[in-house]
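Visitor: next come a sequence and a model predicted from it.
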Amino acid sequence: MSSSFTAATIEYIKPFTDQNPGTSGLRKRTKVFQQKYYSESFIQATLSNVVDSSDVSLLVGGDGRYWSEEICQTIIKLSAGNKVKTVYVAKDSILSTPAASNLIRTLKLSGGFLLTASHNPGGPDYDFGIKYNCGNGGPAPEKLTNAIYQKTLEQNSYTTVSALPIIDLKTLASYTFEIQNALGESWSTTVHVIDAIKDYVTLMKEIFDFPTIQNFLKKSNAKILLDSMNGVTGPYATQILVHELKLNNSSVMNNVPKADFGGIHPDPNLTYAASLAEKTWSENIDLGAASDGDGDRNMIVAKDNVFVNPSDSVAVIADNAHLIPFFKKSGVKGLARSMPTSMALDRVAKRKNLQFYEVPTGWKFFGNLMDAGKLSICGEESFGTGSDHIREKDGIWAILAWLNILAASNAEKTFEQGFIGVKEILENHYRIYGRNYFTRYDYEEVSSEGGAELMKYLRNLVSAENKTHVVGKKYTGNGETYVVKKCDDFSYTDPVDGSVSQKQGVYFVFEDESRIVYRASGTGSQGATIRVYVEKYEATNYLTEASTALSGLVSIAKELGKIKEFTGRDEPTVIT
Ligand code: G6P
Ligand code: ZN
């Protein structure tokens, strides 16, 4: 189909001042994006920064939340107006963040717009988001997000092709539009509506040992349950578990993406995915898992009340990487975790003599190491696990990694006496490495001032002039005493580009290697969220309930950070 259209510049009165995207993109209440010209301003600012030749190709899609399809059409029109050569749009706008990262890489695109607010609730009264990923498949670096923000502050117009027809996102098809502008320039823009599920499934089949998994599932009758929380992973999970691995339909739940996630807060943790955990525990499910709205986070649980802490999950995957074909082939180049993530992974790196990196919170830091060929497997306590197969964390990948490990660990079994399950794999790990008990307390939506004051207080406590009074100090909680060995505000120098990231979280390490970390969340959309991370290492005593093992340190953490005083809260909103 070919028709001729006119690109025109539309002016608005004054620039927007609140469009500073983090590396997770611009995330606001949906109503904010629905203001006249608001989304257009951000999309134009992004296009102005990324359309640098006549050969630009972009991917568009997202987690299916409310307002996505409208913004897909807006992006298509502005892309055409800005001389983008090719736009690939996901059918029904359904495109998980990991699948987007993969498609950008395999189709060698310039980048892509991801319409998501990740694990935040969706709908007219909740959140929407626009995130830009670059040609490596990873989130835009700060240099670019700053430039986009700068542009939004300066510009008061955008260029679009208003008359472009609404693209039918339900049907796979291609359209080419001939476009001209008032300057007499002409160009063409092609729009492809593509299947965004297929390539991702192919990638997973290349990475993991599907025949061994399938064989295991068939012989063992293992019960698997994947909760997509009404987010974007539903169609991916159904294709992989039901169609490829031949499990029945009861192995997937909440697997049809919904614009408001069916009222679910699509964040896979023990608070928001409690129903999955309860079902797994009460119905003796061998492997239960959940993923978030846009499919990059994951939670793993199993029968016998097992919850696999994300810090342990990445350590177990790294320790068993030799069972996964992708790593068998390419080897493991290095391991990395974010600073607040427990030190379980450090022990794996040490034992296996692998390069190890501790980076600030945020996947972009891993991406840099991966692009430089220094890193293969990494994870964060915030339910993010992944590898260098793409440049985003990957929920389904993590779930398949566990399935692959489970299947390969039982490959020689006859199954008459049952099989090694998630619990045994975890306990084996603790037996070899000891256990890093870990918990995180979240104080969500506290006042911005209170949150800022709390962090200021702690930074001051660990500042060069004050820390001498803190180091050596004894703290007691629940009858346990800990002595501070070191404390600081975490700072990171990227070994690839030398960039320095400061003020990444205040930590206290005690003499027995226990740790308390305080950080202000960078992803909330309302007020401030304070996170407190507590960790304690035990070499042999690995069967205690985490909350019991950590109770002393938790009470010290509350006191040390004057949590009640600054947040007004007695208890956190979420405990992981
Ligand atoms: C996003 C990023 C993660 C990061 C997390 C931290 O999910 O992709 O890499 O760990 O945010 O969130 P927080 O709210 O703790 O800043
Ligand atoms: Zn997410």
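Guide: Nice, thanks for sending it over. Ligands and ions are numbered 1, 2, ... in the order given.
Visitor: which residues are in contact with H389?
Guide: The contact partners of H389, by C-beta atoms under 8 Å, 6 or more residues apart in numbering, come to N102, L203, I207, F326, W397. All C-beta atoms are positioned from the backbone trio N, CA, C, and that covers glycine.
Visitor: what does the protein put close to ligand 2?
Guide: Contact residues (C-beta under 5 Å from the ion) of the chain with ligand 2: S118, D292, D294, D296, R297.
Visitor: okay if I get the residues you listed as a markdown table plus pLDDT and distance to F510?
Guide: Output for the residues of the chain next to ligand 2, formatted as a markdown table (pLDDT from 0 to 100; distance: C-beta to C-beta, whole Å):
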| residue | pLDDT | distance to F510 |
| --- | --- | --- |
| S118 | 93 | 33 |
| D292 | 97 | 33 |
| D294 | 98 | 37 |
| D296 | 98 | 33 |
| R297 | 97 | 30 |
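Visitor: now secondary structure too, for those, in JSON lines please.
Guide: Below are the residues of the chain next to ligand 2 laid out as JSON lines (DSSP: H, G, I helix; E, B strand; the rest coil):
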{"residue": "S118", "secondary structure": "coil"}
{"residue": "D292", "secondary structure": "coil"}
{"residue": "D294", "secondary structure": "coil"}
{"residue": "D296", "secondary structure": "coil"}
{"residue": "R297", "secondary structure": "strand"}
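Visitor: considering only these, which also neighbour ligand 1?
Guide: Checking the residues of the chain next to ligand 2 against ligand 1 by C-beta under 6 Å from any ligand atom, the ones in range are S118.
Visitor: what's the helix or strand for K31?
Guide: helix 30-33 (DSSP states H and E).
Visitor: quick one: contacts for the nearest residue to K374 once chain neighbours are set aside?
Guide: Once flanking residues are discounted, K374 sits nearest to G334: 5.0 Å by C-beta to C-beta, 6 or more residues apart in numbering. By C-beta under 8 Å, 6+ apart, the residues touching G334 are A349, L354, Q355, F356, Y357, L369, K374, L375, S376.
Visitor: what does N120 give?
Guide: So N120 contacts R27, Y126, D127, G129, H265, P266, D267, G293, T523, S525 (C-beta under 8 Å, 6+ apart).
Visitor: same thing but 6 Å
Guide: D127 (C-beta atoms under 6 Å, 6 or more residues apart in numbering).
Visitor: centroid-wise, who is the farthest residue in this structure?
Guide: Within the chain, the residue lying farthest from the chain centre (C-alpha atoms, centre = their mean) is G184, at 44.4 Å.
Visitor: make sure that residue is indeed in a strand.
Guide: No. Assignment of G184 by three-state DSSP gives coil, placing it outside any strand.
Visitor: how about the residues of the chain near ligand 1?
Guide: So far as C-beta under 6 Å from any ligand atom goes, the chain lies against ligand 1 at 24, 118, 338, 361-363, 380, 382, 384, 521-523, 531.
Visitor: name only those of the residues you listed that count as buried.
Guide: Buried members of the residues of the chain next to ligand 1, counted by 16 or more other C-beta atoms under 10 Å: S24, S118, S338, T361, G362, W363, E380, S382, G384, T523, R531.
Visitor: the second one against D294, yeah?
Guide: I take that to be S118. Yes. Counting by C-beta atoms under 6 Å, S118 touches D294, with 5.1 Å between them.
Visitor: using the three-state scheme, assign I148.
Guide: On the basis of three-state DSSP, I148 is classed as helix.
Visitor: my guess is it meets A45, correct?
Guide: Yes. The criterion here is C-beta under 6 Å, and I148 meets it with A45 at 4.8 Å.
Visitor: contacts only, for D260.
Guide: So D260 contacts Y66, G122, G123 (C-beta under 6 Å, 6+ apart).
Visitor: export these to TSV and tack on secondary structure?
Guide: Converted to TSV, these look like this (three-state DSSP):
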residue	secondary structure
Y66	coil
G122	coil
G123	coil
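Visitor: I'd like these written out as a markdown table, with pLDDT, neighbour count and distance to S499 added.
Guide: Formatted as a markdown table, the contacts of D260 follow (pLDDT from 0 to 100; neighbours: other C-beta atoms under 10 Å; distance: C-beta to C-beta, whole Å):
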| residue | pLDDT | neighbour count | distance to S499 |
| --- | --- | --- | --- |
| Y66 | 98 | 19 | 36 |
| G122 | 96 | 31 | 33 |
| G123 | 97 | 17 | 37 |
